[in-house]
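Colleague: Give the three-dimensional model of this entry:
(one chain, ligands or ions: 2)
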Amino acid sequence: MSARDPGTERGSEIQGVLMADFLSQYSIQRWLEMCPQGYLDGTVYGHDPDETEPEELLEIGSLREASIAVTVQLIAGERCALAASSGLINHAPDDMSKTFLATQTLDEARHVEIFTQRLIDLGVKREDVNSTVADLANPNLVRFAEVLLEKVSSGDFVAGVVGQNIILEGMAFSVFEMLQAASAGNNPKFAQTLAGTIADERRHVGFGENSIGGLIRQHPEKRAEVEKMQAEMAYYMLATFTEMFSDAGTRMEEAKQLAMAKGENPMEGVSWHGADLATVTPSEMEAVLADTVLGEFKTRLGRIGIDYQTPKVPA
Ligand SMILES: [Fe+2]
Ligand SMILES: [Fe+2]
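Modeller: Numbers count the residues shown, from 1 in each chain. Ligands and ions are numbered 1, 2, ... in the order given. A predicted model of the protein is given here:
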């Protein structure tokens, strides 16, 4: 077919438009319009300036402690995402990926900052933030982060993007959605903070899927190693869920019982992935979260040509 063939010219014109769309989707310009000038406009640390943590959360010791413990896991996860997204920039194979990862780096730094601010709003002194995170970060979540950051520091872009933008962010996305559903009725401040991070994570997960499929096809020899990493990260994630639901989940359950004894149930009528939050137990909620995240992994990994590996079940 000649280069002047109108069909071919039309085809390459369409290709050109699609490529321009694809590039602009991950540009800094697009990020500015969507994020700082869009859903974050007018917010302070991710929420409306006049929103505060609810009083009963600060007054009921078990609820405050559980909220601190949950927030620490969010900070630990976001610190890992910050280290991974910034660490991957210099290993990215093209300018579009470098540009996108630069925007993601700022998103993740913001997430670290807003969840750190929440810890302070919950009464942790600024000078005690690091020791609180070190004391309360779940060891399985720390190991989960180490598996990913080992790939990033060895310059493995393919494994790093799958570990970060599909596994870490897929987990974060569902955890944030669950927490947002649970906070919508009784903590608008936290729910709004989460809504902004969910919008960011959706963009990050989309980049992982769109950018990495071609690289996996070019490097089929990477698949076995990436699949092994996925199974390992999923194992540490499930172990984190188990410990968090038996610890913070139990204290949240106590607080819910306390509210119900006063004739209130802030979760009335709220459901998430089929679980009725007014009646669900911590162990039932853990199972729904695990199924949701693993289902997401399976779908997203399938789209980039990776075979999902069922993780070992934590003892
Ligand atoms: Fe994040
Ligand atoms: Fe992210």
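Colleague: so who does the closest residue to ligand 1 within the chain touch?
Modeller: Residue nearest to ligand 1 within the chain (CB to the ion): residue 111, separated by 3.9 Å. C-beta coordinates here come from the backbone N, C-alpha and C atoms, glycine included. By CB atoms under 8 Å, 6 or more residues apart in numbering, the contact list for residue 111 reads 74, 78, 81-82, 197, 200.
Colleague: Export those residues to TSV and append columns for pLDDT.
Modeller: Below are the contacts of residue 111 laid out as TSV (pLDDT from 0 to 100):
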residue	pLDDT
74	97
78	98
81	97
82	98
197	97
200	95
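Colleague: Let's see which of the residues you listed end up in helices.
Modeller: 74, 78, 81-82, 197, 200 (DSSP state H).
Colleague: Near ligand 1, list only the ones from the residues you listed.
Modeller: Among the ones in helices among the contacts of residue 111, the residues within reach of ligand 1 (CB under 5 Å from the ion) are 78, 81.
Colleague: Which ChimeraX command selects the buried ones in the contacts of residue 111?
Modeller: To isolate the buried members of the contacts of residue 111 in ChimeraX, using 16 or more other CB atoms under 10 Å:
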select :74,78,81,82,197,200
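Colleague: Would you mind listing what in the stretch 51-200 of the chain touches ligand 2?
Modeller: With CB under 5 Å from the ion as the criterion, the stretch 51-200 of the chain meets ligand 2 at residues 81, 169.
Colleague: make it 8 Å
Modeller: Residues of the stretch 51-200 of the chain lying close to ligand 2 (CB under 8 Å from the ion) are 78, 81, 85, 104, 107-108, 111, 164-165, 168-169, 172, 197, 200.
Colleague: Check these for the minimum pLDDT and say which it is.
Modeller: pLDDT across those is lowest for residue 165, at 91.
Colleague: How about the contacts made by whatever residue of the stretch 101-250 of the chain ends up closest to ligand 2?
Modeller: Taking CB to the ion, ligand 2 has its nearest neighbour within the stretch 101-250 of the chain at residue 204, 3.9 Å off. By CB under 8 Å, 6+ apart, the contact set of residue 204 is 85, 104, 107, 164-165, 169.
Colleague: Kindly recompute the last result at 6 Å.
Modeller: 104, 165, 169 (CB atoms under 6 Å, 6 or more residues apart in numbering).
Colleague: ditto for residue 277
Modeller: Taking CB under 6 Å, 6+ apart, one finds 182, 267, 270 in contact with residue 277.
Colleague: Flag every buried residue along stretch 208-227.
Modeller: Neighbour counts over stretch 208-227 (16+ other CB under 10 Å) mark 208-212, 215-216, 222-223, 226-227 as buried.
Colleague: thinking again about what came up before, skip the chain neighbours and tell me the closest residue to the residue of the stretch 101-250 of the chain closest to ligand 2.
Modeller: residue 169 (4.8 Å; CB to CB, 6 or more residues apart in numbering).
Colleague: Wait, the one you found touches residue 205, no?
Modeller: Yes. Using CB atoms under 6 Å, residue 169 makes contact with residue 205 at a distance of 4.9 Å.
Colleague: For these two, indicate the residue with more neighbours.
Modeller: For residue 169 versus residue 205, neighbours defined as other CB atoms under 10 Å are more numerous around residue 169 (29 against 20).
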